[in-house]
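Visitor: just coords:
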């Protein structure tokens, strides 16, 4: 993992999690008028004030010319946010993974922490993510369809990133294939089915025009909330086999 020194703004590489120091992480949206270095500088200054010697920003801590490094980073992203000592949310949306999220406005004035009542209430109202998921990060009690619904309104520049940004949420690792378009979401769902017996992935309703087509296995994006039931599934290249108890 490549980290920036908060005082020198120089890169330092840490190969294993055991050798990795405490670090802050910046969550932000890429804007059309992106002020890249200003964010880096202000993030470094804030990390130093918080007595953290290192910080991480996706815009410069990933070598995007290396497909292998980019794939590793995206597959590890959720874990990196969760392992961070402190997350700075700069007009951003990485709300669930980090245990400690501090919100800042465009002038780097603190707006509060996600543990503050008015902030987690506002996040819940805007995203419909349950408050316990926001405040604790414990996702074990939520079905696949529920987690999918949290991303229903998400927009990405590239259609593949709509799937790739959910890898950590479902604890899935898969290779990145930029250029595959909406097929990335089908691959994500197939990987989820291989490791989970939660049939809510097959149950969905959506009143909006659906941009994704049904695959030959009938997989689409579920947006409504359904409860997990006792069932099993098996997916191969030829078919999907499902079974669940009858009442």
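Guide: Here it is on my side, so go on. Everything quoted here is computed from the prediction, not taken from an experiment.

Visitor: quick check: buried residues in stretch 192-201?
Guide: Within stretch 192-201, the residues that qualify as buried are 192-193, 196, 198-201, counting by 16 or more other C-beta atoms under 10 Å. The way it works is simple: take the backbone N, C-alpha and C, and place the C-beta from them, glycine included.

Visitor: in CSV: those, plus distance to residue 37 and secondary structure.
Guide: Shown next, in CSV, are the buried residues of stretch 192-201 (distance: C-beta to C-beta, whole Å; DSSP: H, G, I helix; E, B strand; the rest coil):
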residue, distance to residue 37, secondary structure
192, 38, helix
193, 43, helix
196, 42, coil
198, 44, coil
199, 48, helix
200, 44, helix
201, 42, helix
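
Visitor: doesn't residue 24 belong to a helix?
Guide: No - per DSSP: H, G, I helix; E, B strand; the rest coil, residue 24 lies outside any helix segment and is strand.

Visitor: list the residues that contact it.
Guide: 6, 43, 46-47, 50, 52, 54-56, 84-88 (C-beta atoms under 8 Å, 6 or more residues apart in numbering).

Visitor: helix, strand or coil for residue 175?
Guide: Secondary structure, three-state DSSP: residue 175 is coil.

Visitor: thought residue 74 was touching it, still the case?
Guide: No - counting by C-beta atoms under 8 Å, residue 175 does not reach residue 74; the two are 9.9 Å apart.

Visitor: gap between the strand or helix carrying residue 68 and the chain center?
Guide: Using DSSP states H and E, residue 68 sits in helix 67-83. In terms of C-alpha atoms, centre = their mean, to the nearest Å, the centre of helix 67-83 is set 10 Å apart from its chain centre.

Visitor: the helix or strand following that helix pairs with which strands, and in what direction?
Guide: Moving toward the C-terminus from helix 67-83, the next helix or strand (DSSP H and E) is strand 86-90. Counting by DSSP bridges, the strands paired with strand 86-90 are strand 23-28 (parallel), strand 101-104 (parallel).

Visitor: got the domain ranges for this protein?
Guide: The chain breaks down into these domains under automatic domain parsing: 1-140, 142-247.
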